[in-house]
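[1] my questions concern the predicted model and sequence given below.
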Amino acid sequence: MFQLNMLSGEIMDHQYSIINQCLQLLKQSDMPTIKKLRVEIQLIQMKRLLLNDNLTNEIMRGSCGEDVFEGLLSQMRRICGGGCEGEALTDLMERIGGMLSVLGGDHATH
């Protein structure tokens with residue numbers, strides 16, 4: 001059991017680190033302030049939900065596993081690096097909203 005908890009902790013640390021990287025990219029982007037704030041709020045909600053002890057391994061490895069977080073980081077790099085187009089930003093917000101739904105149920109409101 002201890003081994004499993006350590007592994008879950010390492011996965012969560014990596015996911016938390018990815019969210020921090022996303023927040024840093026967001027700070028450096030030239031995205032309009034209101035949109036930047038909306039994305040930032042969602043990312044901070046996600047950080048808070050990751051600290052929830054009730055998250056199952058299925059969530060941490062499957063529907064919100066490392067590959068999902070890596071995909072989020074990749075999408076953030078594209079949007080923050082090359083200007084933000086409306087549709088790309090909408091897709092990002094929907095992706096984050098979906099991740100919030102998986103991590104915390106009804107916390108996905110924005």
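    Okay, I see it.
[2] got the contact list for the spatially closest residue to K36 that is not a sequence neighbour?
    Nearest non-adjacent residue to K36, counting by Cβ to Cβ, 6 or more residues apart in numbering: L26, 5.8 Å away. Where you see a C-beta, it was placed from the backbone N, CA and C, and this is true even at glycine. L26 makes contact with K36, V39, E40, L43, M76, C80, according to Cβ atoms under 8 Å, 6 or more residues apart in numbering.
[3] switch to 7 Å and redo it
    L26 is in contact with K36, V39, E40, C80, counting by Cβ atoms under 7 Å, 6 or more residues apart in numbering.
[4] what about K35, how many neighbours?
    18 (other Cβ atoms under 10 Å).
[5] cool, T90 as well?
    11.
[6] buried ones in whichever strand or helix holds it, by neighbour count?
    Element membership for T90, per DSSP states H and E: helix 86-104. Using 16 or more other Cβ atoms under 10 Å as the test for burial, helix 86-104 gives L89, L92, R95, I96, M99, L100, L103, G104.
[7] now swap in stretch 21-35 and tell me
    C22, L23, L25, L26, S29, M31, K35.
[8] could those go into TSV alongside secondary structure?
    Output for the buried residues of stretch 21-35, formatted as TSV (DSSP: H, G, I helix; E, B strand; the rest coil):
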residue	secondary structure
C22	helix
L23	helix
L25	helix
L26	helix
S29	coil
M31	coil
K35	helix
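[9] name the nearest of these relative to S63.
    Among the buried residues of stretch 21-35, C22 lies closest to S63 (Cβ to Cβ), at 18.5 Å.
[10] how about that closest one, nearest residue that isn't a chain neighbour?
    Nearest to C22 is M76, by Cβ to Cβ, 6+ apart, at 4.5 Å.
[11] before we move on, back to that, which of the contacts of L26 sits closest to F69?
    For the contacts of L26, the nearest to F69 is V39 (15.0 Å; Cβ to Cβ).
[12] elements contacting the one helix or strand the closest one maps to?
    According to DSSP H and E, V39 maps onto helix 33-50. Applying 3 or more Cβ pairs under 7 Å, 6 or more residues apart in numbering; DSSP states H and E, we find helix 33-50 packed against helix 2-28, helix 86-104.
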